[in-house]
Every structure is written in C-alpha cells, then in structure tokens.
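Asker: Structure, please.
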Amino acid sequence: MHIIKKTIFLTIISFAETRMNMKIKHILLAIILLTQSILYAQNDANPSNFQLSVEPSTATVKIDGKIVENINGTILLQLTDGQHAYEISDPYYVSKTGNFNINAGKNNKYKVTLSSNFGYLQVSSYPEQSAKVFIDGEEVGKTPYTSGKLLAKNHEIQIVKEQYETVNQTIEISKDGITQNIRVQLRPLFALTTLSCADEKAELLVNGERKGIKNWTGRLEAGTYELEARKDLCHSSFRTVTIANGSDTTFHLEKPIPYSGKLVVTSTPTDAEIFLNGKKAGFTPVEISPITVGTYDLKIRKIGYYSTSQAINICKDSTLYLDFLLSNEKSDTAKKIVDNSIYDQPRFLITLNATVSLKKVWSFGFRLGTVKKWGWNASVMYNFKQYAFDAQMPSSGARYNFDQESTTRLGITAGGVYRPHKNILVFLNAGYGFLGVCNRQAGSNKYFLDQAQTIKGVECSAGIMATFGGFLLSFEAATINFKCCEFKIGIGGLFNTKR
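Answerer: A predicted model of the protein is given here:
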C-alpha cells in the first residue's frame with residue numbers, strides 16, 4: 001500500500017515538471033486524487049470483532065438493514081469501524097432500534113433487552129367446567145384453561161358449553177407478563193327436573209320419551225312438557241307442566257290406575273264366604289267393583305257345605321256373573337266346611353270378679369285378656385281396706401288390748417288361656433298375693449299386723465270360663481303359698497267383630 005502511495009506521489013511530481021496542456025493536467029490530477037482517496041478508504045475499512053447479546057433469545061436482529069444469525073440470543077460479527085444501525089424485534093416484545101459505534105482495538109460488546117408486550121390468561125367456569133374457550137375466534141381449549149403468551153391488547157373471549165348460554169367478554173391483557181384470571185358463570189338453558197311416582201313399576205315418560213322407572217332426574221330445557229306414568233294393564237296418569245331455565249323442580253305423578261271390571265257372585269244357599277287369591281272378599285250375594293283385570297283363584301265356602309273353587313278372568317270394563325249351588329252331600333273331591341271361625345281372629349275378654357276365701361274374706365276385681373285358640377289374661381283382686389298395709393309391727397314383749405280385727409286382700413296375677421271348645425276357656429295364672437290380718441288397739445286408731453295370720457308371696461290360680469252368646473261366666477280357685485284357698489266367681493263378656 002505504501003508503494004502505491006509513493007508511486008502516486010512521484011507521478012504528481014512528474015506531471016508538475018512536464019510541459020503539458022493545462023486542461024489535460026487538471027484531468028489527470030483529478031483522476032490521481034480520486035484513486036488515492038479510494039486506496040485510503042480501503043486502508044481504513046479493516047474489520048473489528050463485534051458481539052451482541054439480546055433478550056429474548058428468539059428475537060430477530062438486523063444490522064445495517066440485514067438480518068443476521070442469532071444463536072441462542074448471541075450475535076457474533078466482524079464490522080468495520082464506525083457507526084452501524086440495528087433493529088431488534090420479537091412478536092411479543094417492544095421492538096428497539098438504534099446505532100452501535102465500532103472502534104478498532106476496543107471491546108465491542110453490547111446487550112439489548114426488549115420490554116415484554118404480552119400477558120397470560122386463566123379461565124374457569126362454574127357451575128361446570130369443560131366449557132370450550134375461544135380467543136379472538138379461535139378455539140384454544142376447555143375450562144379450566146391457562147393460555148400461552150397473549151399480546152397486550154384487547155382480546156375477544158367466548159365461552160361455549162352445551163345447554164348453557166354462550167358468554168362473550170372483551171378482556172384487556174396487560175403487558176409485563178401479568179396473568180389475568182377470570183371466572184365465568186354459565187347460565188343454564190335447562191332446569192334440573194326430578195320425576196317420581198309411588199308405583200314401583202311405573203314407567204316415566206316426558207313428551208312420549210321414556211326416561212326411567214319410578215324415579216328420574218335429568219335436564220329439561222325451558223318449555224311445556226307432558227309427563228306420563230305408564231304401566232301395563234293400567235290407565236296412565238298424566239300431568240302438564242311448564243319449566244323455566246334454572247328452576248330446579250320436582251314433580252310427583254299419580255299411580256297408574258289399573259284397568260278394572262266387575263264381579264258379581266251369588267249362591268244357593270246365600271251367605272257363603274268368598275275368597276279371591278286367598279283373601280276374604282265378602283259373603284254372597286256380593287258385587288265386587290272395581291276389581292283389577294287379571295286372573296284370580298276364587299273359592300266359595302259355607303259352614304255345613306262343601307267348598308268349591310275355580311279360576312276366573314276379569315276383563316276390562318266388563319262384568320262377570322257367577323252363581324254357585326252349594327251341596328251338603330258327601331263328595332270325594334271336596335271337604336265339608338267346619339266352623340273354625342272362632343279361631344280366625346282374637347276375642348277380647350273382660351270379667352268382673354268376686355272372691356271369698358275360706359277365712360270368709362271378700363275381695364273384688366276384674367280380668368282382661370285376648371284369645372284365639374290360645375291367649376293371655378291378667379287379673380287384679382282387692383278388698384279396698386288399707387289397714388294391713390298401714391299397720392305397725394307389734395313391739396316384742398309389749399301388752400296390747402285389741403278390740404277390732406281387719407283383713408286386707410290383694411292379688412295380681414297373669415297367665416295363659418286355652419280354648420278347647422268354642423264355648424269353653426281354661427286358664428292358669430301366677431303372680432303376687434297378699435292376705436294381711438291386723439288388729440286395732442283399743443281406744444286408738446293404731447293397727448298392728450298379726451304376723452301369724454298374715455300370708456304373702458306367690459299366688460297361683462286356675463279356672464274355667466264358659467261362654468253363653470256374648471256373655472262369659474268364670475270360676476276360679478286360688479292359693480297364696482299354698483297356705484290358704486279361695487274361690488272366685490266372675491261375669492263378663494267375650495267380644496269380637498262378626499265376620
């Protein structure tokens with residue numbers, strides 16, 4: 001390079017000494033000076049090392065208008081000395097522009113950090129999640145949803161879920177990486193509806209569509225619906241209801257009414273007892289209405305006659321007439337009916353009793369009980385004298401002058417009753433008995449217990465009762481600790497409901 005400069009210098013001197021046309025000399029001199037400036041410019045353009053660090057590391061970097069390679073946020077270049085323009089940009093950051101000064105022999109290291117221009121969004125929904133989330137018209141996920149980076153600006157948010165109103169919101173996203181939370185209330189386009197029917201087998205329908213049996217809970221949109229409870233061989237029950245959005249409601253439907261018919265049964269002789277499927281249904285002549293359609297086992301019987309039975313079929317809205325002729329003649333296929341009705345239901349018995357002991361002590365009381373074939377009874381006897389209960393114990397060695405003797409009787413027993421015949425009942429009881437003898441001291445109201453004559457302890461009794469129509473006559477023998485004996489007689493009644 002120095003040789004070139006020297007050559008140019010000598011040429012200039014040579015031109016100066018040479019006698020040439022002045023105009024030509026000026027042209028040549030201009031060419032020489034231009035060549036010299038170019039050579040000097042090339043001499044000054046020797047490149048220097050340049051390093052640039054950028055954040056974010058994904059930013060796009062331009063130097064002097066040209067995109068340069070960015071390796072994980074670091075740019076390494078060789079630039080000529082002097083000023084160079086830069087431009088750094090990223091979609092989610094604020095772009096920067098400016099100039100670098102490159103100096104040969106100096107540390108040309110620079111760092112540029114872009115300011116964030118984005119934020120985040122979290123979206124949840126209630127009363128249910130899994131709603132679709134749209135941001136600026138693009139579906140991005142379902143609630144609960146957390147977004148990626150969103151540019152700091154207004155965004156149109158849309159929350160969509162089936163059977164709920166669509167929610168539209170404009171959300172302003174702040175910069176500096178802030179997360180914004182929104183919780184969206186979904187307004188239902190339905191009502192949570194519960195249907196029930198007391199019939200265990202009733203089928204539930206809504207506008208003719210089957211929903212369940214006996215109970216159903218589900219969603220119905222606002223509107224008017226016809227509810228139905230349906231069952232085979234029955235008249236359906238219906239109900240028309242109006243449902244409003246968000247109004248949870250329970251509806252009860254009546255039981256379906258079975259199809260029915262009528263049954264008329266007569267017999268000769270009359271007053272025969274009718275049974276349908278083993279249950280009493282009345283006495284002939286009888287009309288049974290309504291009676292549910294279906295097949296029944298009908299049995300007819302009367303005391304002193306042979307029973308008869310048959311299967312019958314009741315049809316919808318029809319009447320079945322049956323007439324039976326009962327026979328009291330011997331039959332190999334039928335059994336003559338014996339009157340055991342006295343054992344079919346319990347009878348309530350009550351008697352009022354009077355008792356006299358061998359000591360000529362009278363007492364009175366009552367007996368209560370019930371009986372079929374077997375039963376129970378309880379008896380209470382008392383003579384309404386308190387002296388023995390209130391009497392004092394005589395002092396040992398004391399001398400008393402007694403002028404009156406009194407006896408108190410109390411008996412409480414219970415036990416079983418057996419009915420060997422429709423008119424005869426026998427019973428056996430046990431319990432507590434007390435027969436107390438006391439004496440009054442002459443000239444006072446003090447009574448002293450005669451321990452020698454007083455008996456108390458276990459009372460046992462047994463007896464028999466006879467019925468005469470609805471009246472009851474009882475006889476009983478009782479003893480206390482087997483030390484005394486007394487006899488009771490009572491009168492009362494045996495009550496029951498006929499048939």
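
Asker: Next, please give the residue ranges for the helices of this structure.
Answerer: In order along the chain, the chain carries the following helices (DSSP state H): 2-17, 22-44, 387-390.

Asker: could I get the last one in CSV with only the CA atoms?
Answerer: Listed next in CSV are the C-alpha coordinates belonging to helix 387-390 (Å, rounded to 0.1, in the frame of the first residue of the first chain):
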residue,chain,number,x,y,z
TYR,A,387,-105.3,-51.3,107.5
ALA,A,388,-102.9,-54.1,106.9
PHE,A,389,-100.7,-52.0,104.6
ASP,A,390,-100.6,-49.2,107.2
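
Asker: shaky segments in the chain?
Answerer: In the predicted model, the chain carries pLDDT under 70 at residues 1-26, 28-30, 32-46, 329-345, 397-398, 497-499.

Asker: For residue 461, which residues are in contact?
Answerer: If a contact means Cβ atoms under 8 Å, 6 or more residues apart in numbering, then residue 461 has 379, 411, 413, 415, 428, 429, 430, 476, 477, 478, 479, 488 as its contacts. Where C-beta positions appear, they are placed from N, C-alpha and C, glycine not excepted.

Asker: Would you mind putting those residues into TSV with distance to residue 218 and neighbour count alongside?
Answerer: Supplementary listing: the contacts of residue 461 in TSV, determined by distance: Cβ to Cβ, whole Å; neighbours: other Cβ atoms under 10 Å:
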residue	distance to residue 218	neighbour count
379	65	28
411	70	25
413	65	24
415	62	17
428	66	14
429	65	24
430	66	13
476	71	23
477	75	13
478	73	23
479	76	17
488	72	24
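
Asker: I'd guessed residue 496 sits against residue 347; true?
Answerer: Yes - under the criterion of Cβ atoms under 8 Å, residue 496 makes contact with residue 347 at 4.3 Å.

Asker: So the two - more neighbours on which side?
Answerer: Neighbour totals were compared for residue 496 and residue 347, and residue 347 leads with 22 against 17 (other Cβ atoms under 10 Å).

Asker: Could you measure from that one over to residue 444?
Answerer: Between residue 347 and residue 444 the computed distance is 52 Å (Cβ to Cβ, to the nearest Å).

Asker: One more: residue 283?
Answerer: Counting by Cβ to Cβ, the gap from residue 283 to residue 444 is 71 Å.

Asker: Report the central residue of the chain.
Answerer: To find the centre residue of the chain, average its C-alpha atoms and take the closest one (Cα atoms, centre = their mean): that gives residue 217, at 11.4 Å.

Asker: List the contacts of that one.
Answerer: The neighbours of residue 217, taking Cβ under 8 Å, 6+ apart as the test, are 192, 193, 194, 195.

Asker: What's the ChimeraX syntax to select whichever of these are buried?
Answerer: Filtering these down to the buried ones (16 or more other Cβ atoms under 10 Å) takes a single ChimeraX command:
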select :193,195
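
Asker: Among the contacts of residue 217, give me the pair with the biggest separation.
Answerer: 192 and 195 (11.5 Å; Cβ to Cβ).

Asker: would you list every one of the strands in the stretch 1-150 of the chain?
Answerer: Per DSSP state E, counting those that start in this stretch, the stretch 1-150 of the chain has strands spanning 47-55, 60-63, 66-67, 74-80, 82-89, 96-102, 109-113, 118-126, 132-135, 138-142, 145-146, 150-151. These are given in chain order.

Asker: List the contacts of the third one.
Answerer: What it means is strand 66-67. For strand 66-67, contacts defined as Cβ under 8 Å, 6+ apart pick out 60, 61.

Asker: Relative to it, what are the paired strands and their orientations?
Answerer: strand 60-63 (antiparallel) (DSSP bridges).

Asker: what's the neighbour count on residue 258?
Answerer: Neighbourhood size, residue 258 [other Cβ under 10 Å]: 16.

Asker: For it, which non-adjacent residue is spatially closest?
Answerer: Take residue 258 and drop its neighbours on the chain: the residue closest to it by Cβ to Cβ, 6 or more residues apart in numbering is residue 292, 4.2 Å away.

Asker: Verify the stated contact: that neighbour with residue 316.
Answerer: No - with contacts defined as Cβ under 8 Å, residue 292 does not count as touching residue 316, sitting 9.8 Å away.

Asker: Common neighbours of those two, please.
Answerer: 233, 259, 260.

Asker: okay, the longest strand along the chain in PDB with CA atoms only?
Answerer: For the chain, the longest strand by residue count, based on DSSP state E, is strand 402-421. As requested, the backbone C-alpha atoms of strand 402-421 are provided in PDB (Å, rounded to 0.1, in the frame of the first residue of the first chain):
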ATOM      1  CA  PHE A 402    -107.300 -55.200 120.800                       C
ATOM      2  CA  ASP A 403    -110.900 -54.500 120.100                       C
ATOM      3  CA  GLN A 404    -111.200 -55.000 116.300                       C
ATOM      4  CA  GLU A 405    -109.700 -57.300 113.600                       C
ATOM      5  CA  SER A 406    -109.500 -56.400 109.900                       C
ATOM      6  CA  THR A 407    -108.200 -58.400 106.900                       C
ATOM      7  CA  THR A 408    -106.800 -56.900 103.700                       C
ATOM      8  CA  ARG A 409    -106.600 -58.800 100.400                       C
ATOM      9  CA  LEU A 410    -104.500 -58.000  97.200                       C
ATOM     10  CA  GLY A 411    -103.800 -60.300  94.300                       C
ATOM     11  CA  ILE A 412    -102.100 -59.600  90.900                       C
ATOM     12  CA  THR A 413    -101.700 -62.500  88.500                       C
ATOM     13  CA  ALA A 414    -101.300 -63.200  84.800                       C
ATOM     14  CA  GLY A 415    -101.100 -66.200  82.600                       C
ATOM     15  CA  GLY A 416    -102.300 -68.100  79.600                       C
ATOM     16  CA  VAL A 417    -105.700 -69.000  78.200                       C
ATOM     17  CA  TYR A 418    -106.600 -72.100  76.100                       C
ATOM     18  CA  ARG A 419    -109.800 -72.600  74.200                       C
ATOM     19  CA  PRO A 420    -110.500 -76.300  73.700                       C
ATOM     20  CA  HIS A 421    -114.100 -75.600  72.600                       C
END
